[in-house]
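[1] need the 3D shape of this:
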Amino acid sequence: MNYRQTLISTGISLVLSAPSFAYDLSADEYTQEDLTVIKKAETSANAEILYNAANILISESMMQENIEQGIKYLVLLAKKNHPKATLTLADYYYEDSHYKEALKLYHQLEQKQDPYVLYSLGVMYFDGEGTQQDYKRGNKYYLAAAKLGYNDAMYQLAFSYNNGQGVKQDYTKAALWFKKSAEQGDASAMYNLGLSYLNGEGVKKDCAHAIKLLEQAINTDNHTRSYAKLGDIYYYTDYKAQCGFNKTDYKKSLSYFMKGAMQGNEYSQYMVGYSYRNGHGTYSNFSTALAWYNIAEYNGYDASSEIKDIKQHMSAEDIEKAEKLQEQILP
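    Here you go, the predicted structure:
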């Protein structure tokens, strides 16, 4: 559910002893400049030299002992409250699932009110990582980070209000935080705010504005679920009166479903199959329908009954065509 800064997991084990130099630089390839920094660190007490050497050893090494030497430098610096080293070490412990150690280090940095640190604490309390799950405390940190402008915290706080987790369910506040996140360019927030306007949750129903937000999510980040929802809007009669349509627009809906399907959205893949099965927005084509049903099923959408039904009306030759088409779509 939660977003976090992406870090490469190195598979490190906890290293809490003082630095030693039982590592082998010849086993990895470093630039001459990087080697100079690493060698300086062996005899230096300068925090920035040690920190730079740690980053090189962790990010540029393949050998475990070289990575662990970098971690030792970070441990040493964290004990001296070096902010960057403490944060880097906390992130690596988190990525390696050493949650208690990560939580301790994030708390060590908490008083500096860095929004990423506050958000990280929110994630850990909300998900119960290194501590008992505590939605209320997690939301407290999300709110603190959100007020400092941290987008991911805004997005998560919106879901807390939307789902009533750790706070009283409040669609108005959910929409408010989705809006703030969307204004920072988050495509998923645009999508969810679009749903708020489509369903009238926390805001007045406004189909035109919902469509605008869904299109914005697509333009921002090719948002696959927005393709699927726009497909629904133009396909289902439920939206006709609300959106001021004279009739459903199967051709337009199929265009959106197809774009979502090609992006890997399994619901859109199913709906492409359904459209070809029933001749909605296109000529009916059972081979094409079966191919897309199979693709949706392969990706986790239950289309088993549709697959069973359509095969009853197909020849062996048409089923074979569907299989070949499926291979072309998913090489």
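
[2] which residue ranges of the stretch 1-150 of the chain form helices?
    Secondary structure of the stretch 1-150 of the chain (DSSP state H, counting those that start in this stretch): helices at 32-41, 47-60, 64-79, 83-95, 99-109, 115-127, 135-147.

[3] among the ones you listed, which is the most enclosed?
    Highest mean neighbour count among those (mean count of other CB atoms under 10 Å): helix 115-127, with a mean of 24. In this view, the C-beta of every residue, glycine as well, is placed from N, C-alpha and C.

[4] quick one: closest of the helices of the stretch 1-150 of the chain to residue 265.
    helix 115-127 (25.9 Å; CB to CB).

[5] now the angle from that closest one to helix 99-109?
    In terms of direction (axes from the mean of the first three to the mean of the last three CA atoms, to 10 degrees), helix 115-127 departs from helix 99-109 by 140 degrees.

[6] now residue 84: closest residue in space, sequence neighbours ignored.
    Nearest non-adjacent residue to residue 84, counting by CB to CB, 6 or more residues apart in numbering: residue 51, 6.1 Å away.

[7] can you pull out the helices in the stretch 201-331 of the chain?
    Under DSSP H, counting those that start in this stretch, the stretch 201-331 of the chain gives helices at 207-221, 224-235, 240-243, 250-262, 266-278, 286-298, 304-311, 316-329.

[8] returning to that earlier point: OK, contacts around the residue nearest to residue 84?
    Residue 51 is in contact with 73-74, 77, 82, 84-85, 88, counting by CB atoms under 8 Å, 6 or more residues apart in numbering.

[9] export the helices of the stretch 1-150 of the chain as a markdown table, with columns for distance to residue 294 and mean pLDDT.
    Shown next, in a markdown table, are the helices of the stretch 1-150 of the chain (distance: least, CB to CB, whole Å; pLDDT from 0 to 100):
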| stretch | distance to residue 294 | mean pLDDT |
| --- | --- | --- |
| helix 32-41 | 50 | 95 |
| helix 47-60 | 43 | 95 |
| helix 64-79 | 44 | 95 |
| helix 83-95 | 37 | 97 |
| helix 99-109 | 41 | 98 |
| helix 115-127 | 36 | 98 |
| helix 135-147 | 40 | 98 |
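
[10] quick one: closest of those to residue 297.
    Per CB to CB, nearest to residue 297 of the helices of the stretch 1-150 of the chain: helix 115-127, 31.3 Å.

[11] put the alpha carbons of that closest one into PDB.
    Output of helix 115-127 as PDB, limited to C-alpha atoms (Å, rounded to 0.1, in the frame of the first residue of the first chain):
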ATOM      1  CA  PRO A 115       9.600  15.200   5.900                       C
ATOM      2  CA  TYR A 116      11.000  12.000   4.500                       C
ATOM      3  CA  VAL A 117      12.000  10.800   8.000                       C
ATOM      4  CA  LEU A 118       8.600  11.700   9.300                       C
ATOM      5  CA  TYR A 119       6.900   9.900   6.400                       C
ATOM      6  CA  SER A 120       9.200   6.800   7.000                       C
ATOM      7  CA  LEU A 121       8.100   6.700  10.600                       C
ATOM      8  CA  GLY A 122       4.500   7.000   9.500                       C
ATOM      9  CA  VAL A 123       5.000   4.000   7.200                       C
ATOM     10  CA  MET A 124       6.500   1.900   9.900                       C
ATOM     11  CA  TYR A 125       3.900   2.600  12.500                       C
ATOM     12  CA  PHE A 126       1.000   2.200  10.000                       C
ATOM     13  CA  ASP A 127       2.300  -1.100   8.700                       C
END
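
[12] in the lowest-mean-pLDDT helix or strand in the chain, what's buried?
    Here the helix or strand of the chain ranked lowest by mean pLDDT, DSSP states H and E is helix 240-243, holding a mean of 92. Within helix 240-243, the residues scored as buried using 16 or more other CB atoms under 10 Å are 240, 243.

[13] do the same with stretch 309-326
    310-311, 314, 318, 321-322, 325-326.

[14] what does stretch 81-90 rub up against?
    Contacts of stretch 81-90 (CB under 8 Å, 6+ apart): 47, 50-51, 54-55, 71, 73-75, 77-78, 101-102, 105-106, 108-109, 112, 114, 116-117, 120.

[15] quick revisit: the contacts of residue 51: which two are farthest apart?
    Of all pairs in the contacts of residue 51, the most separated under CB to CB is 73 and 84 at 11.8 Å.

[16] for residue 295, what are its contacts?
    Residues near residue 295 by CB under 8 Å, 6+ apart: 261, 269, 273, 326, 329-330.

[17] could you do residue 291 as well?
    Residue 291 makes contacts with 273, 322-323, 325-326, 329, as judged by CB under 8 Å, 6+ apart.

[18] the same query, at a cut-off of 6 Å, please.
    322, 325-326 (CB atoms under 6 Å, 6 or more residues apart in numbering).

[19] quick one: residue 58 from residue 247, how far?
    60 Å (CB to CB, to the nearest Å).

[20] again, but for residue 189
    32 Å.

[21] the two: which is more packed in?
    Neighbour comparison, residue 189 and residue 247: the larger count goes to residue 189, with 25 against 8 (by other CB atoms under 10 Å).

[22] pLDDT value on that one, please?
    For residue 189, the model assigns a pLDDT of 98.

[23] next: residue 28.
    87.

[24] and the closest residue in space to it that isn't next to it in sequence, its phi and psi?
    Nearest residue to residue 28, sequence neighbours excluded (CB to CB, 6+ apart): residue 61, at 4.8 Å. Note on residue 61: backbone dihedrals following degrees, to the nearest 10 are phi -100, psi 150.
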